Structure formats: C-alpha cells, structure tokens
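>>> What shape does this take:
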Amino acid sequence: MLDFVYYPVSGILWFWHKVFSLVSGSPDNGVVWALSVVFLVFTLKALLFKPFVKQVRTQLVMQKLQPQIKALQKKYSGDRQKLTVEMAKLQKEHNYSPLLGCLPMLVQAPVFIGLYHVLRSFNRTGAASHVPFLSPTEPMSVADNANTANYFFSASDVQSFLDAKLFGAPLSAMISSPAAQLEAFGDVSRISIILVAVPLMIFAAVATHFTSRASIARQVDTGTVNPQTAIMNKLALWVFPVGVIAFGAFAPVAILLYFVSNNCWTLGQQHFVYGRIAAERKEAESSPTPGMTAPPSPRVAAPPLPGAKPIRAKRRR
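Take a look at the predicted model:
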C-alpha cells in the first residue's frame with residue numbers, strides 16, 4: 001500500500017548495511033545493523049535539512065507577528081470574516097506560509113511508518129504481523145520467514161538481520177514480543193531484550209525532553225505565547241517523553257535506536273540552525289542601511305613643510 005515509501009527506506013538501510021559490512025567484514029554483526037539504522041536516520045534528516053531551516057524561519061516570523069496578530073484579534077473580535085482576511089493579508093505581507101511550518105513533520109510521518117514497517121517485516125512470525133503498516137502478510141512459520149525477502153533485502157539478508165543481536169537483543173525484538181515471535185531469533189531471553197530496550201527508552205525520553213526544552217527556550221517572550229502554544233509546550237516537555245517510554249515497550253529495539261539518533265540529530269541541528277540565523281541577524285544589524293553613507297570624518301590640518309614657519313592660530317581678545 002505504501003511501497004513508494006517502503007522501498008526507498010529499505011534501500012537506504014540496505015546501502016548503509018553494505019557499507020558497514022565492507023568496513024567491518026562481519027555483515028551479521030549487531031553493531032553493523034545498528035549503525036545502519038542510525039545512518040538511515042541521519043540520511044533522512046540530512047535530506048530534510050532545508051525544509052527544517054524553512055520551518056525555523058517560518059516559526060520565527062510567526063513569533064514576531066504575535067503582537068500584531070493579537071491586535072487584529074482584539075480589533076475584529078466580533079467579525080471573524082474580516083479577521084480572516086486581515087490575517088491572510090498580514091501573512092502574505094511577511095511571506096508567512098503555515099504549510100512550511102509543518103512540512104518536515106508531514107514528511108517524517110510516512111518515513112517513520114516506512115521504517116517501522118520494514119523493520120517489522122524482517123520477522124513476520126508473530127500474531128501482530130498481519131496488522132496494517134507492520135507486515136503485508138499473514139503470520140509465517142520460522143522457516144518461511146527466514147526464506148522470504150524484505151523489499152531490497154534478500155532472504156539471506158533477512159536471516160542475517162534475525163541472527164544479529166545488540167548486546168544479546170535482536171534488533172526487531174520488543175519487550176512485549178510474544179514467545180512465538182522470539183523463536184525466530186533462536187536462543188533469546190526476554191531479560192536480554194529488557195536490558196537493552198529500557199536504557200534506550202530512557203535515553204530517548206531524555207533526548208526528547210531536552211530537544212523540546214531547547215526549542216521552547218528559543219521562543220519569544222512567554223507573555224506573547226498564546227494558550228494553545230503554552231499547552232503544547234508542556235506536552236512536549238513532559239507528556240511526549242513519557243509517551244516515548246510507554247511506546248517503547250511495544251517498539252522494536254531498532255525503532256528505539258531511531259528515536260535516540262533522531263532526537264540527538266535534531267538537538268544538534270537546532271543549535272546549529274538557530275546559531276546561524278542569529279549570526280545572520282547580527283550581521284544585518286551591524287551593516288549600514290542601503291543608500292546611507294557614512295558621516296564625513298573631521299578635516300585635519302596638514303603638517304607644515306620642512307623649513308616652513310608653522311602658522312599659529314591668533315588668540316581672540
């Protein structure tokens with residue numbers, strides 16, 4: 001149904017797995033597969049860098065317009081149609097587009113679904129393997145699953161992924177995985193999955209919190225933030241991190257790696273982009289306005305020629 005998303009995502013993951021396999025010489029290594037997932041995230045984030053910059057600039061424009069928006073809301077409180085017209089005029093005047101503010105999020109949603117689907121499709125033996133967006137087929141036997149390709153990945157690649165373990169935990173295993181599904185990974189205990197998944201869940205939640213905190217700290221004066229934004233800020237700071245932990249029990253280890261690497265990249269990207277925009281503004285403020293010339297410097301009398309008698313100014317009586 002979403003093959004136009006699944007194939008590119010699996011293709012990028014396949015590419016990085018081949019790269020790290022050549023470097024390490026061990027394609028079945030869990031660290032190789034984990035790095036492949038991390039660099040898949042980095043690749044997608046790099047492709048979304050320009051839309052992210054536009055999103056930040058759009059948000060800054062919206063924050064700058066808040067006082068004018070509040071003034072319009074107060075002026076046309078009884079005329080919603082006139083308010084809509086004036087708001088559209090204000091946005092057009094400042095080249096503000098609401099779509100640019102949510103474009104990266106709209107793009108990342110299908111990418112996340114694609115990544116989740118591809119990772120879950122490595123193991124289609126569980127009871128949930130027929131759920132939409134998780135796997136396209138009915139539950140398979142362990143033998144059939146190991147001999148079924150997964151988009152860009154051949155049957156041998158699928159078996160390699162199933163054999164790969166990160167500190168004893170299979171990358172597509174979940175804390176809540178049913179026992180029948182764990183059989184596809186061979187001799188694996190649920191404790192080993194918990195010991196890897198729980199630290200990743202906590203780290204992902206902490207990264208989510210600090211990413212949200214960094215974003216909120218760069219907002220304008222909190223006195224101009226509307227109530228809806230204030231509520232969303234609180235949700236982003238506290239509810240979303242808790243949601244990551246709650247969701248982590250039902251997410252494969254590889255998806256937890258996605259959350260950690262995605263939030264770490266976003267945190268660094270925010271620091272870089274906001275710093276760059278601040279430097280641009282500082283440079284624009286320090287540069288002279290076009291059409292303005294610098295004031296003339298005061299004239300200084302030339303020194304007397306060698307041998308000439310210096311001219312002294314006469315004193316007024």
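>>> Which residue ranges of the stretch 101-250 of the chain form helices?
142-146, 155-163, 179-182, 190-217, 227-234, 240-248 (DSSP state H, counting those that start in this stretch).
>>> who wins for proximity to residue 76 among those helices?
helix 227-234 (18.9 Å; Cβ to Cβ). Placement of C-beta: from N, CA and C, glycine included.
>>> hmm, back to that, with mean neighbour count, mean pLDDT and distance to residue 46 as extra columns, can I get the helices of the stretch 101-250 of the chain in CSV?
Compiled in CSV, the helices of the stretch 101-250 of the chain are given as follows (neighbours: other Cβ atoms under 10 Å; pLDDT from 0 to 100; distance: least, Cβ to Cβ, whole Å):
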stretch, mean neighbour count, mean pLDDT, distance to residue 46
helix 142-146, 16, 83, 33
helix 155-163, 19, 91, 24
helix 179-182, 16, 80, 33
helix 190-217, 18, 91, 17
helix 227-234, 12, 82, 27
helix 240-248, 17, 92, 23
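>>> For residue 98, which of these is the nearest?
Across the helices of the stretch 101-250 of the chain, closest to residue 98 is helix 227-234 (Cβ to Cβ), at 13.8 Å.
>>> Which elements pack onto the closest one?
Helices and strands touching helix 227-234, as assessed by 3 or more Cβ pairs under 8 Å, 6 or more residues apart in numbering; DSSP states H and E, are absent.
>>> quick one, that helix and helix 240-248 angle?
50 degrees (axes from the mean of the first three to the mean of the last three Cα atoms, to 10 degrees).
>>> Which strands and helices lie in contact with whichever strand or helix holds residue 74?
Taking DSSP states H and E as the definition, residue 74 sits inside helix 49-75. Of the remaining helices and strands, those touching helix 49-75 by 3+ Cβ pairs under 8 Å, 6+ apart are helix 80-93, helix 98-120, helix 253-286.
>>> Kindly recompute the last result at 10 Å.
helix 80-93, helix 98-120, helix 227-234, helix 253-286 (3 or more Cβ pairs under 10 Å, 6 or more residues apart in numbering; DSSP states H and E).
>>> chain center to that helix: distance?
20 Å (Cα atoms, centre = their mean, to the nearest Å).
>>> For it, buried residues please.
For helix 49-75, burial by neighbour count (16 or more other Cβ atoms under 10 Å) applies to 51-63, 65-66, 69, 72.
>>> State the pLDDT value of residue 289.
On pLDDT, residue 289 comes in at 57.
>>> Next: the one 10 residues further on.
Note on residue 299: pLDDT of 58.
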